[in-house]
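*Asks:* Would you be able to build a 3D model of this:
(2 chains)
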Amino acid sequence: MEKSFRYVAVAALIGLGIWGWRVLFPSPERVIRSRLNALAKAVSFGPNEGVLAKAYNTQKLTGFFTPDVEIDVDLRGYPPQTLSGRDEVLNAALYAHSNLNGLKVQFSGINVALGADRITAKVNLTGRAILPGSEHEFNVLEFNFLLRKVDGQWLIYQVQTVKTLSLSRPALELA
Amino acid sequence: MFDAQRTNSRTAVLPAWLRTLVIGRKPKRTLLRIGVLVAATLLVRQFVLLPVRVYGPSMLPTYQQDGLNFINRLPYYFHEPRRGDVVAIRTSDTTIMYMKRIVGLPGETVAFHDGRLFINGQMLSEPYVKYPCNWDYDPVTLGSNQFFVVGDNRSMPQIYHEFGRTDRNRIVGRIFLWKNLFATSPSPR
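*Replies:* Below you'll find the model as predicted:
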């Protein structure tokens, strides 16, 4: 009995050690995933948001992107949109905050592929946008994100919509 | 003596019959059974039947716009997807998938003219399409590893209906049940 207890204790200590190592020294993939989840949280906002909160939350978004970021959004039923640069991203965010009574964005299926240089990465994920009061009607888009490590921080410099079901052109592939 | 008896009676927390009911006569065997059950569930879910919640009207009237169904992964281990199969198409993973019907096979040319589907220039009979359709879509030739998928609800405006080409590796499996379980919206049939 004492022997079994010792084995369990050793296994628990090893498990704790591995967990602690992963928390203190996370892999780049893990860091990127948590960064993108933080982005989804930053893009989301609740109803009846105050003016100051609106300004603060939209400003917070720019910290996720490089100054020369390019975002291509192609939602079926709407003309394709391209946002170039942080300022346009900020304006789009302000527009959304002013015209929507809340938005919840979730990212799932985050697949991270680190570049050979380990300072660039490509991420394929699925984004879901839910408006309050319509949890069962949501827009789903698949994206490819390109990220670059700048001053120790992973920043997004390109976003492209992936057409899961393509029509006249093949699904977008990043070079 | 009196204190020892009181102590002994306090340590028997569960009656024997309840203990047998909860953990079995042989706890080790019970634990092994639980382990096997959990492993089997995970394996079935990963390789055989994947439960899914259905949202959206694009497969009306064949499937209601909500409810529960399953994706059967087994058939496509033995043969390729076939025309008419209602399949699940993954996005970046299987958390969110599209549920569509395969109408075009690799190498074929698919087009819509005045709401009718044409495969290699021949009109395809589609008995599952019950609502009127006025779609027009220029011919597109599928690659060697591509399928053409579309929902059964063709009364939706074409610009809002997600349909088109998908790669073989995105097809997760075939929808298992012919009708969604626990659907709250009325059956259209």
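
*Asks:* so how far is B:Leu177 from the spatially most central residue of chain B?
*Replies:* With distances taken as Cα atoms, centre = their mean, B:Ile71 lies nearest the centre of chain B, 3.0 Å away. Note on B:Ile71: its distance to B:Leu177, by Cβ to Cβ, to the nearest Å, is 10 Å. C-beta: built from backbone N, CA, C; applies to glycine.

*Asks:* what's the answer for B:Ala183, then?
*Replies:* Per Cβ to Cβ, B:Ala183 is found 11 Å from B:Leu177.

*Asks:* Which pLDDT value goes with residue 1?
*Replies:* I'll assume chain A. pLDDT for A:Met1: 61.

*Asks:* let's do chain B instead
*Replies:* Looking at B:Met1, its pLDDT stands at 41.

*Asks:* just to revisit the earlier point, correct me if wrong, but the residue nearest to the centre of chain B is in a helix.
*Replies:* No. Judged by DSSP: H, G, I helix; E, B strand; the rest coil, B:Ile71 forms no part of a helix; its state is strand.

*Asks:* That one touches B:Tyr98, doesn't it?
*Replies:* No. Taking contacts as Cβ atoms under 8 Å, B:Ile71 lies outside contact range of B:Tyr98: 11.6 Å.

*Asks:* For chain A, give me the ranges with low pLDDT.
*Replies:* Applying pLDDT under 70 to chain A flags residues A:1, A:134-138, A:167-175.

*Asks:* And for chain B?
*Replies:* The model of chain B has pLDDT under 70 over residues B:1-12, B:186-189.

*Asks:* Domain-wise, how is it divided?
*Replies:* Split into domains by automatic domain parsing, chain B comes to B:2-46, B:50-175.

*Asks:* So which residues of chain A form strands?
*Replies:* A:65-73, A:81-84, A:104-114, A:120-130, A:138-150, A:153-162 (DSSP state E).

*Asks:* Which elements pack onto the fifth one?
*Replies:* Helices and strands in packing contact with strand A:138-150 are listed as helix A:28-43, strand A:65-73, strand A:120-130, strand A:153-162; criterion 3 or more Cβ pairs under 8 Å, 6 or more residues apart in numbering or on different chains; DSSP states H and E.

*Asks:* list the buried ones in it?
*Replies:* By 16 or more other Cβ atoms under 10 Å in any protein chain shown, the buried positions in strand A:138-150 come out as A:138, A:140-149.

*Asks:* Now find how far off-centre it is within its chain.
*Replies:* The chain centre lies 6 Å from the centre of strand A:138-150; the measure is Cα atoms, centre = their mean, to the nearest Å.

*Asks:* what does the fourth one give?
*Replies:* Between the centre of strand A:120-130 and the centre of its host chain there is 6 Å, according to Cα atoms, centre = their mean.

*Asks:* about what we covered before: what's near enough to touch the residue nearest to the centre of chain B?
*Replies:* By Cβ atoms under 8 Å, 6 or more residues apart in numbering or on different chains, the contact list for B:Ile71 reads B:49-50, B:52, B:88, B:97, B:172-176.

*Asks:* if you set the cut-off to 7 Å instead, what comes out?
*Replies:* Residues in contact with B:Ile71, defined by Cβ atoms under 7 Å, 6 or more residues apart in numbering or on different chains, are B:50, B:52, B:88, B:172-173, B:175-176.

*Asks:* of B:Ala183 and B:Leu177, who's got more company?
*Replies:* For B:Ala183 and B:Leu177, the more surrounded residue by other Cβ atoms under 10 Å in any protein chain shown is B:Ala183, and the numbers stand at 16 against 12.

*Asks:* how near is that one to B:Thr109?
*Replies:* Distance, B:Ala183 to B:Thr109, by Cβ to Cβ: 36 Å.

*Asks:* and what of A:Ser27?
*Replies:* Going from A:Ser27 to B:Thr109 by Cβ to Cβ gives 46 Å.
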